[in-house]
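**Student:** Predicted model, plus sequence, below.
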Amino acid sequence: MFSTRRQFLRVALTGAAALPILRKGAASEVSTHLDPQASELGLLDEVERAAFNFFWNEANATTGLILDRVRADGGGVRGKASMAATGFGLTALAIGHQRQYGPRPEIERRVAQTLHFLLGQAPHEHGFLYHFVDESSGARYKLSEFSPIDTAILLCGALTCRQHFSSPEIARAATELYQRVDWPWMLNGGQTLSLDWKPEHGFSRFRWDSYCELMMMYLLAMASPTHPIPPECWRAIRRPKMVYRGHQYISSPAPLFVHQFSHAWFDFRDKHDEYANYFDNSVLACRAHREFCQELGNRFPCYSGDVWGITASDSTLGYVAWGGPPIIGPIDGSLVPAAAAGSLPFLFSESMTVLRNLRRYYGSQIWKKYGFVDAFNPLTGWISKDVLGIDVGITMLMAENARSQFVWNTFMRNPEATLAMEQAGFLPDGFEVPSMAASPRVLRPSPPQQS
């Protein structure tokens with residue numbers, strides 16, 4: 001990382017940059033030679049196949065647990081698995097089964113194997129799973145925490161599989177995983193869920209009490225058939241308002257993924273609670289982020305309306321939570337493909353433009369065995385060597401939702417998903433519209449009609 005802008009410019013201007021900068025105006029020229037819809041569908045399929053290969057190849061052969069990160073071309077140091085990556089991976093297996101990216105019987109066996117291990121052998125506390133675990137044994141990785149948010153992501157994947165596969169074994173395991181989670185215990189006497197719990201010190205002093213990716217966690221907790229939390233917990237979440245260039249939406253200063261993760265499974269379209277239509281809220285957040293990147297283009301010429309996207313990712317400093325608005329973290333001109341890919345259902349045309357330009361303009365420099373590298377910096381030539389399971393996951397799930405709404409349609413068949421939204425007070429748009437939902441309507445993106 002460069003300590004001053006002067007040092008940054010010195011490196012960028014003395015030949016250290018290995019990647020060309022996509023000049024303003026050039027982004028729209030890159031992809032004009034192909035039929036737009038055919039080009040879009042082909043790229044999305046390419047992205048999803050590469051992502052499926054990650055989740056298929058980088059799962060432990062015995063446990064089914066998915067590695068947190070691997071080299072973008074495969075391989076690297078093994079051992080550390082991620083419960084969130086495994087949740088995304090279970091959903092990816094359902095998508096791959098639906099699209100026949102692999103042999104269907106083998107995919108179904110992998111899902112059953114993974115759920116069986118999680119239910120019978122992975123350590124848990126009151127049903128909550130560790131954030132990071134050893135891929136081979138499921139044992140705690142270093143000083144990892146029992147994490148309600150990572151458990152929720154895992155459960156979303158398990159419940160997606162429960163609805164997609166006809167296997168009674170899969171249905172039983174997914175149901176038992178969900179029903180054993182003691183959500184009121186994680187409240188620790190409060191109205192909002194604790195950030196985590198560790199054997200060494202118990203509950204964290206921090207809580208999941210402000211709007212972020214937490215919606216799926218609270219909805220699952222409220223609808224639990226065995227250990228529910230009261231609907232009042234939903235209303236106890238703080239919902240701060242962000243205003244940027246005339247866009248007003250619910251958000252705290254946080255990376256873009258907080259407006260994406262819950263939407264990978266729960267379908268918030270055309271409905272609202274007393275606070276907002278959260279799908280439209282994410283549209284506004286993504287639009288504000290795109291304009292934020294355009295404004296950053298004055299400092300970092302790699303950003304534009306056609307090439308944008310910064311969210312939590314790898315960097316030259318390691319994993320960082322960066323983005324905006326406002327500026328969060330040590331932004332240095334790096335691009336994170338998952339930021340635009342995770343925005344596909346919200347800003348389809350603008351997100352596709354980014355993915356198409358990155359794929360065609362930078363080519364094999366940033367496109368590897370498992371798709372786009374996690375992040376790269378066109379100004380300095382730095383390219384992450386890795387892909388991260390959660391970034392590959394949000395890329396694949398949102399690409400599929402943009403194409404066919406498969407994940408939404410499958411997950412929302414869970415009766416608990418419908419019950420959760422009822423308990424949270426969701427109504428169809430047009431009924432008792434809250435103040436934010438009553439503001440000028442957000443124009444929805446128009447994804448391709450073919451799948």
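**Tutor:** In hand now; what should we look at?

**Student:** can you map out the helices along the stretch 101-250 of the chain?
**Tutor:** Ranges of helices in the stretch 101-250 of the chain, per DSSP state H, counting those that start in this stretch, are 104-120, 148-164, 168-179, 183-187, 215-222, 232-235.

**Student:** out of the ones you listed, which comes closest to residue 392?
**Tutor:** Closest approach to residue 392 among the helices of the stretch 101-250 of the chain is made by helix 148-164 (13.4 Å; Cβ to Cβ). For every residue, glycine as well, the C-beta is placed using N, CA and C.

**Student:** pLDDT on the closest one, on average?
**Tutor:** The average pLDDT for helix 148-164 rounds to 98.

**Student:** Send over it as PDB, restricted to the C-alpha atoms.
**Tutor:** Extracted C-alpha coordinates of helix 148-164, given in PDB (Å, rounded to 0.1, in the frame of the first residue of the first chain):
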ATOM      1  CA  PRO A 148     -25.000 -16.800  14.100                       C
ATOM      2  CA  ILE A 149     -24.600 -15.100  10.700                       C
ATOM      3  CA  ASP A 150     -22.400 -17.800   9.200                       C
ATOM      4  CA  THR A 151     -24.800 -20.400  10.700                       C
ATOM      5  CA  ALA A 152     -27.700 -18.500   9.000                       C
ATOM      6  CA  ILE A 153     -25.900 -18.600   5.600                       C
ATOM      7  CA  LEU A 154     -25.300 -22.300   6.000                       C
ATOM      8  CA  LEU A 155     -29.000 -22.900   6.900                       C
ATOM      9  CA  CYS A 156     -30.100 -20.900   3.800                       C
ATOM     10  CA  GLY A 157     -28.100 -23.300   1.700                       C
ATOM     11  CA  ALA A 158     -29.500 -26.300   3.500                       C
ATOM     12  CA  LEU A 159     -33.100 -25.200   3.200                       C
ATOM     13  CA  THR A 160     -32.600 -24.500  -0.500                       C
ATOM     14  CA  CYS A 161     -31.500 -28.100  -0.900                       C
ATOM     15  CA  ARG A 162     -34.400 -29.300   1.200                       C
ATOM     16  CA  GLN A 163     -36.800 -27.800  -1.300                       C
ATOM     17  CA  HIS A 164     -34.900 -28.700  -4.500                       C
END
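
**Student:** Between helix 104-120 and that helix, find me the angle.
**Tutor:** Angle between the axes of helix 148-164 and helix 104-120 is 140 degrees (criterion: axes from the mean of the first three to the mean of the last three Cα atoms, to 10 degrees).

**Student:** by how many degrees do helix 148-164 and helix 215-222 diverge?
**Tutor:** Using the same axes, to 10 degrees, the inter-axis angle of helix 148-164 relative to helix 215-222 is 70 degrees.

**Student:** Show me how far the longest helix seen in the chain is from its chain's centre.
**Tutor:** Across the chain, the longest stretch assigned as helix under DSSP state H is helix 36-57. Between the centre of helix 36-57 and the centre of its host chain there is 16 Å, according to Cα atoms, centre = their mean, to the nearest Å.

**Student:** Could you do stretch 64-75 as well?
**Tutor:** 17 Å.

**Student:** what pLDDT, on average, does it get?
**Tutor:** 96.

**Student:** Pull up the distance across it, start to finish.
**Tutor:** Criterion Cα to Cα, to the nearest Å; first-to-last residue distance in stretch 64-75 is 16 Å.

**Student:** hmm, who's touching it?
**Tutor:** Residues outside stretch 64-75 that contact it (Cβ atoms under 8 Å, 6 or more residues apart in numbering) are 54-55, 57-60, 76, 78, 80-82, 85-86, 88-89, 110-111, 113-115, 117-118, 132-133, 135, 138, 368-370, 373-374, 384-389.

**Student:** Mind checking which of those land in strands?
**Tutor:** Mapping these onto strands (DSSP state E) picks out 80, 81, 82, 132, 133, 368, 386, 387, 388.

**Student:** What's the local residue count around the nearest residue to the third one once chain neighbours are set aside?
**Tutor:** Setting aside the residues directly before and after it, residue 82 is nearest to residue 68 in space (Cβ to Cβ, 6 or more residues apart in numbering), at 3.9 Å. For residue 68, the tally of surrounding residues (other Cβ atoms under 10 Å) stands at 23.

**Student:** again with residue 214
**Tutor:** 22.

**Student:** ok, it touching residue 239?
**Tutor:** No - Residue 214 is not in contact with residue 239 according to Cβ atoms under 8 Å; the separation is 11.0 Å.

**Student:** coming back round to it: same for the longest helix of the chain, what does it pack against?
**Tutor:** Applying 3 or more Cβ pairs under 8 Å, 6 or more residues apart in numbering; DSSP states H and E, we find helix 36-57 packed against helix 83-99, helix 348-357, strand 371-372, helix 389-404.

**Student:** rerun at 10 Å
**Tutor:** Using 3 or more Cβ pairs under 10 Å, 6 or more residues apart in numbering; DSSP states H and E, the elements in contact with helix 36-57 are helix 83-99, helix 104-120, helix 337-341, helix 348-357, strand 367-368, strand 371-372, strand 386-388, helix 389-404.

**Student:** That one: what's the following helix or strand?
**Tutor:** Counting by DSSP states H and E, the next helix or strand C-terminal to helix 36-57 is strand 69-71.

**Student:** Next, give phi and psi for the nearest residue to residue 145 once chain neighbours are set aside.
**Tutor:** Excluding its sequence neighbours, the residue lying closest to residue 145 (Cβ to Cβ, 6+ apart) is residue 196, at 3.7 Å. Note on residue 196: backbone dihedrals following degrees, to the nearest 10 are phi -170, psi -180.
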